[in-house]
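>>> The sequence isn't on hand, but the structure is:
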């Protein structure tokens, strides 16, 4: 990304995620917890780019080698909450911003005009567009949560790191007379991190040395997706398998730059 | 005054300017934008106070504590319960979507009876009257009432089995699976006492011989948490790189029908290295003689396809580990494991000295019995449903006059569709207590829908694979959404209608009594806690060798089937359990290589694809001697050569639009086989044939 396109701004708190790919069994509990928490409607179709929306999707990776040398890994992909978000710079109506506390890329649905420039700009395919109105089977609308508004057709949506949980955690801290900007580890975690049965998803403040993510992100096995684009993602992945780390970026074949 | 042209233009211009200066156009534009976007079909979200409510997930295995968040009494989300040891805060995808299933379109909303080929809604009173009449008419007639239960841990089983015994029937069956197969192997075949649990938390090396420990086998959520805490090294032996193999330290590719032979080969090595291993166990010398004769290094290499070095290395790792644990079982959590597979795996543990010790096999006591006149839990597990259905279908035993189905859907989830349907259709009157319109409910004569687990009291005593005896309770989180009933309470009423005494006024009182007998704190259970006790059952009559074992080993399957490709079933909680179908939120998590439209995918590697003339995306017919399925091919190098992986959970014919007609039911490819020696019926993975219907895209 050229310097003129960068909007990088440092925040006091930088919420981030470290996902241990070597612990992910691909069970999908994170995906379903995300859908339930954020009022993402069910679909009568399986994976379908038009009809089924996902804020978090679990991809299956393989090392490309034939049996018996093959290896498989699962990679959950939420919004990367980039430090230099490509989506923010292209939004003509400022419906998505990087000015929230905690360095979370927001998405303001009433402002969104559905131009989908942000979708084109996002290199991670983290954003989805409501081509249709959301529908729940009769009665199931009673399970809608008060955490996220229901998005109508014509609006782009994406993972918000369960921002409402951040608000709740801050409110709780204020009520207890604590500084809401210094939340303890575990006071604010996303629905996917909470659901993960193997603890593969760890969430916290990347800048807070008391949070596990701070150390994990500095591991020699840590990597970020498409790091060379300069988007500065706040989601890190861990894997001891070099082929997984190599697939984190679009390296050309035989490129020895990373992961070896 | 005449209006000339100039005057008209002045008037129009003045009007436009004047109107433009008023708020009217802006207000109208604003209103138009609001009212054209304020569609009535966009759901409104009522706000309110958020409250957590503890519960216990009861949707088949695994069962563990969860926390439901409610808004003004309305359940909205489910999360794991960090205070419940079997959850530790983790949750599986099915339980994560359990709140939405409360409002599933497949819920049966009221009691119904069959009428003119369909169902007619009836009152609760009429439904109870119909069932009471049936039971009264059959009371005293031997074995004319049968019951199939798919819930292995609930005290409701005591009520059901007790009611059957009181009306003169012993035909109570659990839905077949690893729990019953372990029970038969451990108690009937090997003379053990108690039932087997696995202390993964205490083990330093876990070798899974087949079971997908981290996805679909036993307390998978608990296993996942323990694995995530880096508690043990994990090795997986099986035909596919499944959820367990993906994160295991090593995947050891072995076909499903060779896993027992691998265990025998490991026994051979263990006995070679430690000649005194298991010397205190009855029959160890006979077993040693058998493995010397039948599991030599060359024979083991031939049977398992593994090199001698690999087997030797694996045996060395087990011997060098301080607390190794070997877990045999079915590949997909169903009835695929034979007595042979389980016996070999259990014997290996015994020879490694891993019984009733930290990180080993645990012999857990049976649950206490609280219903007067009910059989013991051990007696309840004696029934062999698959053998019974075969006998009914073949006419060697008469079908019962009345059959009850509790949390069980055998029409869908049992193999050999022809035989199962024939046997069940021979039953004149069938009653389903299912909460959902499943395939079995759709074939019944009377439907008395149970409350959903969030609407009722229920319990779970030591879910399968638990390391020690434990007890958890579910309580109502929400008022019943539909005109359903608590079936255990209804059955207690039936006892009284039939002039019988169950000894308890209500199901809640019964559960309280069970908690009291166990010494559990009822209030703690209601607040999401779990009672547990690490007492183990000592063994006195355990045998590694007897005549039954000898006959079983002599006849162990050796793969002489008609076709060449091994079928490998794979189960995933995203696509439900034997008791449930694909949940609404589960369907959309399926990737492009799992389901496309209404066609599901089987997985095989390139070499197998080449051998069978198919490629990525080919539409194929998978045939076994029992039946056929239609699927597309997804190439996956994480599958052994000459194996094809078929997912379970697809091909429902009832339920709702989220599962009906999606893919084919893989169970139709499986047959039922009786095992010599053990006398147990099980469903081995068959060899299949792959025929191309349509070329690769």
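That came in fine, so what should we check first? Quick caveat: nothing in here was measured; it's all calculated off a predicted structure.
>>> who in the stretch 101-250 of chain B is up against chain A?
B:102-105, B:214-215, B:220-221, B:224-225, B:227-229, B:241, B:243-244, B:246-247 (Cβ under 8 Å from any Cβ of the partner chain). All C-beta atoms are positioned from the backbone trio N, CA, C, and that covers glycine.
>>> check contacts around the residue in the stretch 51-200 of chain B positioned nearest to chain A.
Nearest residue of the stretch 51-200 of chain B to chain A: residue B:90, at 3.0 Å (Cβ to the nearest Cβ). Going by Cβ atoms under 8 Å, 6 or more residues apart in numbering or on different chains, residue B:90 touches A:29, A:195-199, B:80, B:221-222, B:224-225.
>>> domains for chain B, by residue range?
For chain B, the domain assignment from automatic domain parsing gives the residue ranges B:50-101, B:112-178+B:369-512, B:196-364, B:560-694.
>>> So which of the ones you listed is nearest residue B:545?
Residue B:545 lies closest to domain B:196-364 among the domains of chain B, at 2.8 Å (Cβ to Cβ).
>>> can you map out the strands along the stretch 101-250 of chain B?
B:112-115, B:118-121, B:145-149, B:171-174, B:195-198, B:205-209, B:233-238, B:250-253 (DSSP state E, counting those that start in this stretch).
>>> what distance separates the first one from the middle of the whole chain?
Strand B:112-115 sits 29 Å away from the centroid of its parent chain (Cα atoms, centre = their mean, to the nearest Å).
>>> May I see the buried residues of that strand?
Within strand B:112-115, the residues that count as buried by 16 or more other Cβ atoms under 10 Å in any protein chain shown are B:112-114.
>>> need the contact list for the residue in the stretch 151-260 of chain A positioned nearest to chain B.
Closest to chain B within the stretch 151-260 of chain A is residue A:197: 3.0 Å, counting by Cβ to the nearest Cβ. For residue A:197, the contact set (Cβ under 8 Å, 6+ apart) comprises A:27, A:29, B:80, B:88, B:90-92, B:220-221, B:224-225, B:228.
>>> residues in contact with stretch B:537-546?
Outside stretch B:537-546, the residues touching it (Cβ under 8 Å, 6+ apart) are B:190-194, B:278, B:281-287, B:290, B:347, B:350, B:355-356, B:363-365, B:549.
>>> same thing but 6 Å
Stretch B:537-546 is touched from outside by B:190-194, B:281-284, B:286-287, B:347, B:363, B:365, with contacts defined as Cβ atoms under 6 Å, 6 or more residues apart in numbering or on different chains.
>>> Within range of chain B, give me the residues from the stretch 151-260 of chain A.
By the rule Cβ under 6 Å from any Cβ of the partner chain, the part of the stretch 151-260 of chain A lying against chain B is A:152, A:194-195, A:197-199.
>>> before we move on, the earlier item: adding distance to residue B:438 and pLDDT, write the contacts of residue B:90 out as a markdown table.
Formatted as a markdown table, the contacts of residue B:90 follow (distance: Cβ to Cβ, whole Å; pLDDT from 0 to 100):
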| residue | distance to residue B:438 | pLDDT |
| --- | --- | --- |
| A:29 | 24 | 97 |
| A:195 | 27 | 97 |
| A:196 | 30 | 97 |
| A:197 | 27 | 96 |
| A:198 | 31 | 97 |
| A:199 | 34 | 96 |
| B:80 | 27 | 97 |
| B:221 | 24 | 97 |
| B:222 | 27 | 96 |
| B:224 | 27 | 97 |
| B:225 | 30 | 96 |
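>>> For residue A:140, find the nearest of the domains of chain B.
Among the domains of chain B, the nearest to residue A:140 by Cβ to Cβ is domain B:50-101 (5.7 Å).
>>> which stretches of chain A form strands?
A:15-20, A:57-62, A:72-77, A:128-129, A:156-157, A:201-205, A:222-223, A:235-238 (DSSP state E).
>>> Grab the longest helix from chain B for me.
Counting residues, the longest helix in chain B under DSSP state H turns out to be helix B:5-21.
>>> by contact count, what packs against it?
Taking 3 or more Cβ pairs under 6 Å, 6 or more residues apart in numbering or on different chains; DSSP states H and E as the contact definition, helix B:5-21 has no neighbouring helices or strands.
>>> hang on, the earlier thing: so which of the contacts of residue A:197 sit within helices?
Of these, the ones assigned to helices by DSSP H are A:29, B:220-221, B:224-225, B:228.
>>> Can you check the distance spanned by stretch B:252-262, start to finish?
End-to-end distance for stretch B:252-262, by Cα to Cα, to the nearest Å: 11 Å.
>>> Any chance you could list what contacts that stretch?
Contacts for stretch B:252-262 (Cβ under 6 Å, 6+ apart): A:68, B:209-210, B:237, B:239, B:303-304, B:331, B:340-341, B:344, B:557, B:559, B:566, B:640, B:685.
>>> chain center to stretch B:464-472, what's the gap?
With Cα atoms, centre = their mean, you get 16 Å for stretch B:464-472.
>>> same deal with stretch B:418-433?
Distance, centroid of stretch B:418-433 to centroid of chain: 21 Å (Cα atoms, centre = their mean).
>>> One more: stretch B:307-315?
33 Å.
>>> Does that stretch reach chain A?
No. Using Cβ under 6 Å from any Cβ, stretch B:307-315 never reaches chain A; the gap is at least 11.1 Å.
>>> Give me the mean pLDDT for that stretch.
Average pLDDT, stretch B:307-315: 95.
>>> Stretch A:71-88 now?
Mean pLDDT, stretch A:71-88: 96.
>>> Can you check the distance spanned by that stretch, start to finish?
Note: stretch A:71-88 ends 37 Å apart using Cα to Cα.
>>> just to revisit the earlier point, the contacts of stretch B:537-546 in helices, which ones?
B:284, B:286-287, B:347.
>>> What subset of those is buried?
Buried members of those, scored by 16+ other Cβ under 10 Å, are B:284, B:287, B:347.
>>> Now the residue lying farthest from the centre of chain A. Nearest residue, chain neighbours left out?
Ranked by distance from the centre of chain A (Cα atoms, centre = their mean), the top residue is residue A:68, with 33.1 Å. Take residue A:68 and drop its neighbours on the chain: the residue closest to it by Cβ to Cβ, 6 or more residues apart in numbering or on different chains is residue B:253, 5.7 Å away.
>>> The one you found: neighbouring residues, count only.
The number of residues packed near residue B:253 is 22, by other Cβ atoms under 10 Å in any protein chain shown.
>>> separation between it and residue B:428?
49 Å (Cβ to Cβ, to the nearest Å).
>>> if we can go back for a sec, show me the two of the contacts of stretch B:252-262 that sit farthest apart.
A:68 and B:340 (25.7 Å).
>>> can you redo the buried ones among the ones in helices among the contacts of stretch B:537-546 as CSV with pLDDT and distance to chain A?
As requested, those are exported to CSV (pLDDT from 0 to 100; distance: Cβ to the nearest Cβ, whole Å):
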residue, pLDDT, distance to chain A
B:284, 94, 35
B:287, 94, 31
B:347, 97, 28
